[in-house]
Each structure stands twice: as structure tokens, then as C-alpha cells.
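Undergrad: Sequence unavailable; structure follows:
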């Protein structure tokens with residue numbers, strides 16, 4: 001084989017190899033996205049979907065600071081814009097909180113019923129399935145009542161204490 005022909009074969013091999021490597025890496029990304037949607041623990045997607053974009057939060061926290069009962073009650077109202085038609089709301093909720101009720105309304109005074117509620121502990125996501133689809137562009141209000149215990153884990157709203165210089169707690 002002539003030197004000129006070997007040179008062209010080498011160039012073709014490099015081009016083919018680069019193109020093939022690029023396509024394989026694309027497939028790997030596609031497969032990892034697919035795995036995240038499936039929800040395998042190794043590939044959990046901790047990000048919220050972009051179907052709803054929050055615009056305003058109103059949070060009320062009522063801690064009980066009795067020595068025998070360090071608990072918490074609260075509520076949150078979230079005003080959010082619907083970016084894509086959706087029949088589900090997904091929020092982050094700490095694993096130490098228990099959702100007692102959830103209501104969802106839109107600007108047309110339509111109330112959506114939460115037909116199913118599931119919690120994924122590893123990603124700390126609450127999935128709320130709605131009875132109807134909320135149309136794109138709607139402004140919705142999500143109102144949630146919750147309870148929980150104030151823990152010492154230094155996560156979220158937690159209990160803490162200190163001893164002053166006189167030894168008082």
C-alpha cells in the first residue's frame with residue numbers, strides 16, 4: 001500500500017472513531033435519563049419537573065416547644081405558573097413532615113381534587129395526581145397543611161439548645 005493511501009485510511013479511521021464515540025456517548029446520556037425516569041435508586045433525579053414554576057410562597061410555622069412535645073404544625077400557600085399542561089404537582093417535602101391536606105385552585109376558581117398522593121422518601125418528593133389537567137399559562141394556588149416533630153438532625157426547622165455560662169439550659 002502506498003503512503004498516500006495509508007494516510008487516507010488513517011484519516012477515515014479517526015473520523016469514523018470520533019463519530020462512533022460521539023453517538024455512543026449520546027446513547028449513554030439518553031439511557032441515563034431513561035433510568036432516572038424509571039426511578040432506580042442509583043440514578044434518582046432530585047430536581048423537580050419544570051411543569052410548574054413557583055412565584056410566591058406564604059409559609060406559617062407554629063412550633064410547640066413543650067419539653068414533652070417538640071412538634072410543629074404549619075401551612076404553605078404556593079402561587080405558581082403552569083408552564084406545561086399537567087395533571088400532577090410534584091413538590092419537595094422533608095421526610096420529617098406529614099402532609100395533612102392539600103388543595104389546588106387556579107385563577108378561574110376551578111378547584112382540582114388530589115386523587116392520589118405518593119411520597120418518595122429518597123428524593124423527598126411528594127407526587128400529587130389531580131382529577132383534571134391544569135392548562136398551560138394558568139396561575140394556581142397550592143395550599144398544604146402539615147405536621148411534624150422538631151428533630152435534632154439540623155435539617156430544615158429543627159430544635160436546638162445551649163448551656164449558658166451559669167450552666168442553665
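TA: Yep, it's here. Because the structure is a prediction, the values reported are computed rather than measured. Numbers count the residues shown, from 1 in each chain.
Undergrad: How about the residue nearest the centre of the chain, nearest residue that isn't a chain neighbour?
TA: Centrality entry for the chain: nearest residue to the mean C-alpha point is residue 48, 3.4 Å, by CA atoms, centre = their mean. Leaving out its chain neighbours, the residue that sits closest to residue 48 by CB to CB, 6 or more residues apart in numbering is residue 90, at 5.6 Å. Glycine gets a C-beta too; all of them are placed from N, C-alpha and C.
Undergrad: Show the model's pLDDT score for the one you found.
TA: Note on residue 90: pLDDT of 96.
Undergrad: That one pairs with what?
TA: residue 127 (DSSP bridges).
Undergrad: my guess is it meets residue 124, correct?
TA: No: counting by CB atoms under 8 Å, residue 90 sits too far from residue 124 to count as a contact (11.0 Å).
Undergrad: With residue 165 as the reference, measure out to the residue nearest to residue 48.
TA: Using CB to CB, to the nearest Å, residue 90 is found at 48 Å from residue 165.
Undergrad: can you check residue 152 too?
TA: Distance of residue 152 to residue 165, computed by CB to CB: 23 Å.
Undergrad: of these two, who's got more company?
TA: Neighbours per residue (other CB atoms under 10 Å) separate residue 152 from residue 165, with residue 152 holding more: 10 against 5.
Undergrad: pretty sure that one belongs to a helix, no?
TA: No: applying DSSP: H, G, I helix; E, B strand; the rest coil, one finds residue 152 to be coil, outside a helix.
Undergrad: separation between it and residue 63?
TA: Distance, residue 152 to residue 63, by CB to CB: 14 Å.
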